[in-house]
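Colleague: what follows is a protein structure lacking sequence information:
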């Protein structure tokens with residue numbers, strides 16, 4: 001079981017190790033089997049965000065330090081160490097299929113839709129926002145919502161309450177809730193969920209029993225559960241959006257409370273949201289960060305969950 005240290009209030013790593021609660025992982029276990037490459041097919045275009053302080057503090061939520069194009073670091077990646085970033089396993093797994101084209105929106109950029117810019121959301125199928133730590137501007141919120149409404153896939157990753165890594169007064173739960181309630185397109189709970197303002201220290205949430213769900217049973221394998229190491233959950237509101245669906249739940253919860261991984265739709269687009277950044281951490285990244293391998297943690301099937309959800313959002 002792994003626990004990633006979050007805030008100044010968390011126990012220091014030495015104390016956690018002494019307590020037997022966490023073990024930094026240096027080598028990754030084999031990931032899920034990649035789907036067969038589609039010869040000559042147009043790749044699914046995925047944009048990972050790094051414009052909202054995704055590397056602030058101890059975070060390293062990037063697929064590569066080479067931005068916008070990770071292929072400039074290594075054009076033929078084979079493992080997570082081929083690219084530098086705690087999300088490199090995610091990026092490399094997609095790249096190796098030959099079915100995806102990956103880019104990163106670098107720090108200092110503005111999220112846009114319909115401007116004609118090279119990294120404009122209109123040029124992508126899926127937009128991944130891994131634990132944002134800067135509030136979206138009014139125009140950015142509208143751009144994100146229009147992107148989804150018109151058929152795009154949005155993958156949000158939250159973290160626990162008071163996880164403000166850059167000390168600007170905004171953490172990912174507040175930022176995501178703000179997106180859902182003040183976006184200039186639909187301010188009335190358009191996705192049918194809200195982020196709970198919680199800090200759940202540890203749990204191993206389990207997947208629901210649904211043999212037909214394309215995220216739980218997708219091209220990258222079967223999802224049985226996930227890990228939660230200082231994260232949060234979501235409250236579902238099907239009266240606001242009947243397509244909202246909890247796929248993975250905190251122990252002892254079901255229905256509209258305690259959902260840890262959720263999918264929904266808006267317009268002709270799709271949405272997924274995860275309650276913790278620990279599951280996407282592959283344990284590798286830039287020097288100076290303390291990272292833990294949640295991606296391959298045997299207590300969950302996090303790689304399959306991230307990759308299947310990416311495929312579903314991209315309409316692969």
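Modeller: Received, thanks. Here the structure is a predicted model, which means the values were calculated and not measured.

Colleague: residue 297 touches residue 228, doesn't it?
Modeller: No: the criterion here is CB atoms under 8 Å, and residue 297 misses it with residue 228 at 10.7 Å. C-betas here are computed from N, CA, C, even on glycine.

Colleague: for the two, indicate the residue with more neighbours.
Modeller: Taking neighbours as other CB atoms under 10 Å, residue 297 and residue 228 compare with residue 228 leading, 28 against 24.

Colleague: local confidence estimate at the residue lying closest to that one once chain neighbours are set aside?
Modeller: Residue nearest to residue 228 in three dimensions, not counting chain neighbours: residue 203, with 4.3 Å by CB to CB, 6 or more residues apart in numbering. We note a pLDDT of 98 for residue 203 in this prediction.

Colleague: what about the strands in the stretch 101-250 of the chain?
Modeller: Across the stretch 101-250 of the chain, reading from the start of the chain, the strands by DSSP state E, counting those that start in this stretch fall at 126-130, 153-157, 193-195, 200-203, 206-207, 217-218, 221-222, 228-231, 234-236, 245-249.

Colleague: show me what the following helix or strand past the last one packs onto, helices and strands only.
Modeller: What it means is strand 245-249. Sequence order places strand 259-266 as the next helix or strand after strand 245-249, per DSSP states H and E. In terms of contacts (3 or more CB pairs under 8 Å, 6 or more residues apart in numbering; DSSP states H and E), strand 259-266 is packed against helix 138-149, strand 193-195, strand 234-236, strand 245-249, strand 269-274, helix 302-313.

Colleague: run the last query once more with 6 Å
Modeller: Counting by 3 or more CB pairs under 6 Å, 6 or more residues apart in numbering; DSSP states H and E, the packing neighbours recorded for strand 259-266 are strand 234-236, strand 245-249, strand 269-274.

Colleague: need the ones you listed in JSON lines with mean neighbour count, can you?
Modeller: What follows is those, written out as JSON lines (neighbours: other CB atoms under 10 Å):
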{"stretch": "strand 234-236", "mean neighbour count": "22"}
{"stretch": "strand 245-249", "mean neighbour count": "24"}
{"stretch": "strand 269-274", "mean neighbour count": "25"}
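
Colleague: Throw those strands into JSON lines and include mean pLDDT, thanks.
Modeller: Written out in JSON lines, the entries for the helices and strands packed on strand 259-266 read as follows (pLDDT from 0 to 100):
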{"stretch": "strand 234-236", "mean pLDDT": "98"}
{"stretch": "strand 245-249", "mean pLDDT": "98"}
{"stretch": "strand 269-274", "mean pLDDT": "98"}
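
Colleague: among the ones you listed, which comes closest to residue 165?
Modeller: Ranking those by their distance to residue 165 (criterion: CB to CB) puts strand 269-274 first, at 17.1 Å.

Colleague: please, where are all the helices along this structure?
Modeller: Secondary structure of the chain (DSSP state H): helices located at 13-19, 88-97, 138-149, 172-181, 302-313.

Colleague: can you tell me which of these the model trusts least?
Modeller: Sorting the helices of the chain by mean pLDDT places helix 13-19 lowest, at a mean of 36.

Colleague: just to revisit the earlier point, residue 226 is in contact with the residue nearest to residue 228, correct?
Modeller: No: using CB atoms under 6 Å as the test, residue 203 is too far from residue 226 to be in contact (9.1 Å).

Colleague: these two: which has the busier surroundings?
Modeller: residue 226 (31 against 23).

Colleague: picking up where we left off before, among the helices of the chain, which comes closest to residue 220?
Modeller: helix 302-313 (3.8 Å).

Colleague: quick one on the thing from earlier: just put the helices of the chain in a markdown table and tack on mean neighbour count and distance to residue 48.
Modeller: What follows is the helices of the chain, written out as a markdown table (neighbours: other CB atoms under 10 Å; distance: least, CB to CB, whole Å):
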| stretch | mean neighbour count | distance to residue 48 |
| --- | --- | --- |
| helix 13-19 | 13 | 27 |
| helix 88-97 | 25 | 7 |
| helix 138-149 | 20 | 14 |
| helix 172-181 | 21 | 15 |
| helix 302-313 | 26 | 10 |
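
Colleague: just put the ones you listed in CSV and tack on distance to residue 113.
Modeller: Rendered in CSV, the data for these read as follows (distance: least, CB to CB, whole Å):
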stretch, distance to residue 113
helix 13-19, 41
helix 88-97, 22
helix 138-149, 4
helix 172-181, 14
helix 302-313, 16
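
Colleague: tell me which of these lies nearest to residue 290.
Modeller: Distance to residue 290, taken as CB to CB, is lowest for helix 13-19 among the helices of the chain, at 6.1 Å.

Colleague: ok, now how distant is the closest residue to residue 276 other than its chain neighbours from residue 273?
Modeller: For residue 276, the nearest residue in space outside its immediate sequence neighbours is residue 231; the separation is 2.7 Å by CB to CB, 6+ apart. In this structure, residue 231 lies at 12 Å from residue 273, with CB to CB, to the nearest Å as the measure.
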